[in-house]
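> how would this look folded up:
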Amino acid sequence: MTDCIFCKIIAGEIPSYTVYEDDVVKAFLDISQGTPGHTLVVPKKHVPDLFAYDDKLAAAVFSRLPKIARAIKASNPAIKGMNVINNNGKVAYQSVFHSHIHLVPRYSDHDDFKMIFKDNSSKYDDAKYKQIQQSIIDHMEDNQ
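Residues are numbered from 1 along each chain as shown. Purely as a prediction, here's the structure:
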C-alpha cells in the first residue's frame, strides 16, 4: 500500500526505532510512547485489521508476541506488567489501518495509562447472555 505509514516503515522509507524484525513482523517503538518502551508489532504483510488475518498469519504474528514482550520487560526492571492491545476499526480506536499490536509496559497504577471496562452485567439476564452466546457460535467459521 503506497499510502500506508506502516508499509513505508517496513520498506525503510520512514525511519523507525526497530527492536525486532524477521520475515513476518517488524516491532518498533510507538512514536507516542504511552509509557516508556511502548512497542508496536506489525505484520509485514499489509492486512487492515484482525478480521483480515488467516490462520497461518495469525499463528505467525501472535507467536512472536511473548518473545518481544519478554525483551521489553527485561529491558527495564521497573516494568511490572504489560497491556497487549489490538484495536480493530475506527470505533475501536484504530487510527492506522494496517494491523498492529501495542505492547504497553506498565510501571505502576499511576503511570499515566488507563483502560476502563465498565460493568454492564446488571443489564443482562441468562436469556440475553445465551442469545449472544448462540449468535456467536452460529457465526463461528467452523460451524458454517
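> not counting its neighbours along the chain, what's nearest the residue positioned nearest the centre of the chain?
Centrality entry for the chain: nearest residue to the mean C-alpha point is Ile101, 2.3 Å, by C-alpha atoms, centre = their mean. Spatial nearest neighbour of Ile101, chain neighbours left out: Val41 (4.4 Å); criterion: C-beta to C-beta, 6 or more residues apart in numbering. Placement of C-beta: from N, CA and C, glycine included.
> try Phe51
Nearest non-adjacent residue to Phe51, counting by C-beta to C-beta, 6+ apart: Asn88, 6.3 Å away.
> so that neighbour is in contact with Ala52, correct?
No. Using C-beta atoms under 8 Å, Asn88 is not in contact with Ala52; the gap is 9.4 Å.
> identify the contacts common to the two.
Residues touching both Asn88 and Ala52 by C-beta atoms under 8 Å, 6 or more residues apart in numbering: Ser99.
> returning to what we had before: give me the distance between the residue nearest to Phe51 and Ala69.
Separation of Asn88 from Ala69 (C-beta to C-beta, to the nearest Å) stands at 20 Å.
> compare these two (neighbour count), which wins?
Shown here are Asn88 and Ala69; by other C-beta atoms under 10 Å, Ala69 has more neighbours (19 against 15).
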